[in-house]
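S.K.: can't give you the sequence, but here's the structure:
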Ligand code: OSB
Ligand code: MG
């Protein structure tokens, strides 16, 4: 495929409610879509990051520059561009996995649309629907949390993830267990908010039979996670720490995690995401698909990934209305606790022009760039 044009569309969608984590509170999804126009198809992808570098070190304004000045020139210089060639072309540029992911994914979408193949088929999906979990933010009171969880369970979600931080951990978990019972598949996510000195507090979570504790310690603290793992019965799962298949292999070998959260954006795209799936599966480590409050554009591709055989735990692959009253694609709707894996060409998602226009902040051409 020859790339003729690359466009960035900055979008802002209001969330149905504030989403609070240990690193901050969000009320909008503020990000950009990247559109790649090739000689016989067009592809779209969604940047996974936010305007502020609080979850990871990349952010919207920085990603635009690294794409424009360093990533896009290396990819367009290939001439005949395929998604499979992009990883190597971008390897000289250190890090920036979220920016690399949005470019590779938009190219992959265009490429697959040109031969009418779905992401699911390309990636090796073995299911046509995937179970849906939901990530529940930190709230002001236990009662507010119980009401929120009751609402999600009534909608059919099959697994609940509670965001935790020091001061909001044992009490909310105990309240949810008391109200909804020991059989509810339940896990927690600390987004790096603890230190090894908090091992005693985290050990108090052991009595609640959680599926896992996600990323309790700093992203660069694999050794700390390995030490912590020895002190806990509950399996540790890594999110922020895993940015590549090599990281995953290292973390597994060190005993730093027994489960991996795979977010394609965080690991540089769907090809590396599949490699992590393969590495984990070879070690008998279960994986699940994380989320970054994606619009339908990113959500569609995540559902294809979550349909691979090693994704044996329900992911944060929620329905569109978990975050958005109105999306920029047809919404993904929960059916018996599951979402359908898209079957159309590419991601299978089509952007609705009217909705996109209303949520667009600005548009800019990144290639050709003058
Ligand atoms: O740590 O998994 C996380 C959202 C933004 C950034 C980080 C995380 C999250 C979530 C929500 O937990 C996942 C989702 O449903 O999209
Ligand atoms: Mg997480």
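M.R.: Yep, it's here. Quick caveat, the model's predicted, so the values are computed rather than measured. Ligands and ions are numbered 1, 2, ... in the order given.
S.K.: and the stretch 151-300 of the chain, which of its residues are near ligand 2?
M.R.: Near ligand 2, the residues belonging to the stretch 151-300 of the chain are 189, 214, 239 when assessed by CB under 5 Å from the ion. Placement of C-beta: from N, CA and C, glycine included.
S.K.: and residue 300, what element?
M.R.: helix 296-305 (DSSP states H and E).
S.K.: would you list every one of the strands in the stretch 1-150 of the chain?
M.R.: Assigned by DSSP state E, counting those that start in this stretch, the stretch 1-150 of the chain shows strands spanning 3-21, 24-38, 42-46, 129-131, 133-136.
S.K.: wait, which of these is closest to residue 311?
M.R.: Between residue 311 and the strands of the stretch 1-150 of the chain, the shortest separation by CB to CB is 7.2 Å, and it involves strand 129-131.
S.K.: show the contacting residues for the residue in the chain that ligand 2 sits nearest to.
M.R.: Residue of the chain nearest ligand 2, by CB to the ion: residue 239 (3.5 Å). Residue 239 makes contact with 189, 191, 214-215, 261, 263, 266, 290, according to CB atoms under 8 Å, 6 or more residues apart in numbering.
S.K.: point out the residues in this structure that sit beside ligand 1.
M.R.: 55, 135, 189, 191, 239, 290-293, 316, 318 (CB under 6 Å from any ligand atom).
S.K.: this protein: helices as residue ranges?
M.R.: Here the chain has its helices, by DSSP state H, at 60-66, 72-76, 83-90, 97-114, 119-123, 142-155, 170-180, 199-203, 222-231, 245-254, 270-282, 296-305, 353-359.
S.K.: how about the nearest residue to residue 77, chain neighbours excluded?
M.R.: Closest residue in space to residue 77, ignoring its immediate chain neighbours: residue 89 at 7.6 Å, by CB to CB, 6 or more residues apart in numbering.
S.K.: so that neighbour touches residue 80, yeah?
M.R.: No - in this structure residue 89 lies outside contact range of residue 80 using CB atoms under 8 Å: 11.5 Å.
S.K.: neighbour count: these two, which is higher?
M.R.: residue 89 (19 against 8; other CB atoms under 10 Å).
S.K.: how about the contacts made by the more buried one?
M.R.: Counting by CB under 8 Å, 6+ apart, residue 89 touches 74-75, 77-78.
S.K.: and what of residue 26?
M.R.: 15, 18-20, 50, 293.
S.K.: and for residue 312?
M.R.: Residue 312 touches 286-288, counting by CB under 8 Å, 6+ apart.
S.K.: taking the residues you listed one by one, which sit in strands?
M.R.: 287-288 (DSSP state E).
S.K.: make a ChimeraX selection of whichever of the contacts of residue 312 turn out to be buried.
M.R.: A single ChimeraX command selects the buried members of the contacts of residue 312 (16 or more other CB atoms under 10 Å):
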select :286,287,288
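S.K.: would you mind giving the contacts of residue 312 as CSV with pLDDT and distance to residue 153 added?
M.R.: Compiled in CSV, these are given as follows (pLDDT from 0 to 100; distance: CB to CB, whole Å):
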residue, pLDDT, distance to residue 153
286, 98, 23
287, 98, 24
288, 98, 19
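S.K.: what separation do you get for the closest residue to residue 83 other than its chain neighbours and ligand 1?
M.R.: Nearest residue to residue 83, sequence neighbours excluded (CB to CB, 6+ apart): residue 108, at 3.8 Å. Counting by CB to the nearest ligand atom, to the nearest Å, the separation of residue 108 from ligand 1 is 21 Å.
S.K.: who's in contact with whichever residue of the chain sits closest to ligand 1?
M.R.: Nearest residue of the chain to ligand 1: residue 291, at 2.4 Å (CB to the nearest ligand atom). For residue 291, the contacting residues are 135, 263, 299, 302, 315-318, by CB under 8 Å, 6+ apart.
S.K.: and the pLDDT at the residue positioned nearest the centre of the chain?
M.R.: For the chain, the residue nearest the mean C-alpha position is residue 291 (2.8 Å; CA atoms, centre = their mean). Predicted confidence (pLDDT) for residue 291: 97.
S.K.: same question, the one 10 residues further on
M.R.: pLDDT for residue 301: 98.
S.K.: pretty sure it sits against residue 105.
M.R.: Yes - applying CB under 8 Å as the test, residue 301 and residue 105 come out as touching, 6.4 Å apart.
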